[in-house]
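Trainee: got a predicted structure here, sequence first:
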Amino acid sequence: MVNAVNPPDVWSPFGAFSMAVIQGDGQIVHLKGQVSLDRHGQVIGQNDMRAQVRKVLENVRDMLAPMGGQMADVISMVHYATDIEAFMTTGDIRQEFFAMPYPVTTTVQVERLYRAELMIEIAAIAEIPRSRFRHPERRD
């Protein structure tokens with residue numbers, strides 16, 4: 001069974017997707033690709049890859065928190081960057097959010113994301129230990 005999660009402190013889905021999906025008994029959490037939007041859907045860091053990466057990782061963190069998750073629980077990420085050279089300058093920002101062992105990652109350059117001012121989207125999978133996991137409030 002899969003349960004959809006749309007926490008209230010992150011921007012609301014506007015289409016046919018959930019912000020996160022909990023697989024099985026709640027240990028594996030699949031996060032929808034996060035972009036640099038604040039909770040009101042406004043772009044943070046327009047034309048600034050570093051600011052956008054920071055906001056995206058904050059969104060990943062904020063998606064996991066209501067479920068008892070932490071950034072250390074992230075096991076896999078896929079980065080979709082519109083400028084891979086600019087993205088490659090953000091390693092220091094990632095180190096603010098992650099410590100060893102780092103999640104496995106895949107990075108690809110894309111022509112554009114669903115809004116032209118967005119430069120990066122990151123999808124993540126986390127495994128939250130049962131001892132910490134909690135089902136967040138549903139917001140449909």
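Mentor: Looks like it came in fine.
Trainee: distance check, the spatially most central residue of the chain against residue 9.
Mentor: Nearest to the mean C-alpha position of the chain, by CA atoms, centre = their mean, lies residue 60 at 3.3 Å. Here residue 60 is placed at a distance of 13 Å from residue 9 (CB to CB, to the nearest Å). Bear in mind the C-beta positions are built from the backbone N, C-alpha and C, glycine included.
Trainee: now do the same for the residue nearest to the centre of the chain: its pLDDT.
Mentor: Residue 60 is assigned a pLDDT of 98 by the prediction.
Trainee: with residue 39 instead?
Mentor: The model's pLDDT for residue 39 equals 92.
Trainee: quick check: it touching residue 19?
Mentor: No: with contact defined as CB atoms under 8 Å, residue 39 does not reach residue 19; the gap is 11.5 Å.
Trainee: with neighbour numbers in mind, choose between the two.
Mentor: residue 19 (20 against 13; other CB atoms under 10 Å).
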